[in-house]
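Participant: make a model of this:
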Amino acid sequence: MNDEYKTIEKAATGYFKDKGSKFYAYAYPVKNEDEVKEYVQGLKKEHHSARHHCYAWRIGTEEILTRANDDGEPSSTAGKPILGQLTSYEVTNILVVVVRYFGGTLLGVSGLINAYKNATIEALYNAEIVSKLIENTFELKFEYPLLNVVMQTTKQEGLNIVETDFQESCRLIFSVRKSDTEKAQNIFDSIYGVAIKKLS
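Facilitator: Numbers count the residues shown, from 1 in each chain. Purely as a prediction, here's the structure:
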């Protein structure tokens, strides 16, 4: 089972120039469309005199959503080449915005595609691309006498404890890589008195 995906660790930039037009590429790790909007709006403020702010994103790990935006450039000459590079690098949870300052000379359709593509490649080349695990999250509920057993089991199985709440009764949230999900669920199902529930 493939339970890994590629994304970028932190923001990165790229630059491309053709016939006086300047293309500044900004790559950001994102988890949702709200973050996309924030970054795009931020760049529009920062580069308010630029002619175009074109972008593309891929979000999701198993079902990947995509969007490409030409922001006034001829159809499919900006957003699509940006998205094409994100797909070819197989990265997700990523946004790339390319800001264009017009240099006075028209580049034509192939020139634009080439410029947006190369600005994106430059940003991805400068980014740190990392592999991350697709994980599932579970909640355990149990009483105090079982605390030692539960803690020992999570340690033995190398489960990642996300949150604990040990008051009158105990609650623990852990995450586990997707390929180990069934095994972890079966282990806790077999401990009498532990209730396990999948959160994500």
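
Participant: per-domain residue ranges of this structure.
Facilitator: With domains defined by automatic domain parsing, the chain comprises 4-132, 134-198.

Participant: what's around residue 198, how many residues?
Facilitator: By the criterion of other Cβ atoms under 10 Å, residue 198 has 10 neighbours. In short, each C-beta sits where N, CA and C put it, glycine included.

Participant: mean confidence (pLDDT) on the longest helix along the chain, please.
Facilitator: In the chain, taking DSSP state H as the definition, the longest helix is helix 108-126. The average pLDDT for helix 108-126 rounds to 98.

Participant: so who does the spatially most distant residue from the centre of the chain touch?
Facilitator: Distance from the C-alpha centroid of the chain, by Cα atoms, centre = their mean, peaks at residue 145 (40.3 Å). Listed by Cβ atoms under 8 Å, 6 or more residues apart in numbering, the contact set of residue 145 reads residue 193.

Participant: you'd agree residue 71 is up against residue 56?
Facilitator: No - contact criterion Cβ atoms under 8 Å: residue 71 and residue 56 do not qualify, at 10.9 Å.

Participant: quick one: which of the two has more around it?
Facilitator: residue 56 (27 against 18).

Participant: look up how far residue 80 lies from the more buried one.
Facilitator: 8 Å (Cβ to Cβ, to the nearest Å).

Participant: tell me, what's touching those two both at once?
Facilitator: In contact with both residue 56 and residue 80: residue 68, using Cβ under 8 Å, 6+ apart.

Participant: could I get the phi/psi values of residue 53?
Facilitator: Torsion angles at residue 53 (phi, psi; degrees, to the nearest 10) stand at phi -130, psi 90.

Participant: OK, contacts around residue 31?
Facilitator: Residue 31 neighbours (Cβ under 8 Å, 6+ apart): 59, 93.

Participant: could you look up the SS state of it?
Facilitator: coil (DSSP: H, G, I helix; E, B strand; the rest coil).

Participant: what's the distance between it and residue 164?
Facilitator: 24 Å.

Participant: same check, this time on residue 97
Facilitator: Residue 97 is 39 Å from residue 164, by Cβ to Cβ.

Participant: more neighbours: those two, which one.
Facilitator: Using other Cβ under 10 Å, the more surrounded residue of residue 97 and residue 164 is residue 97, with 27 against 15.
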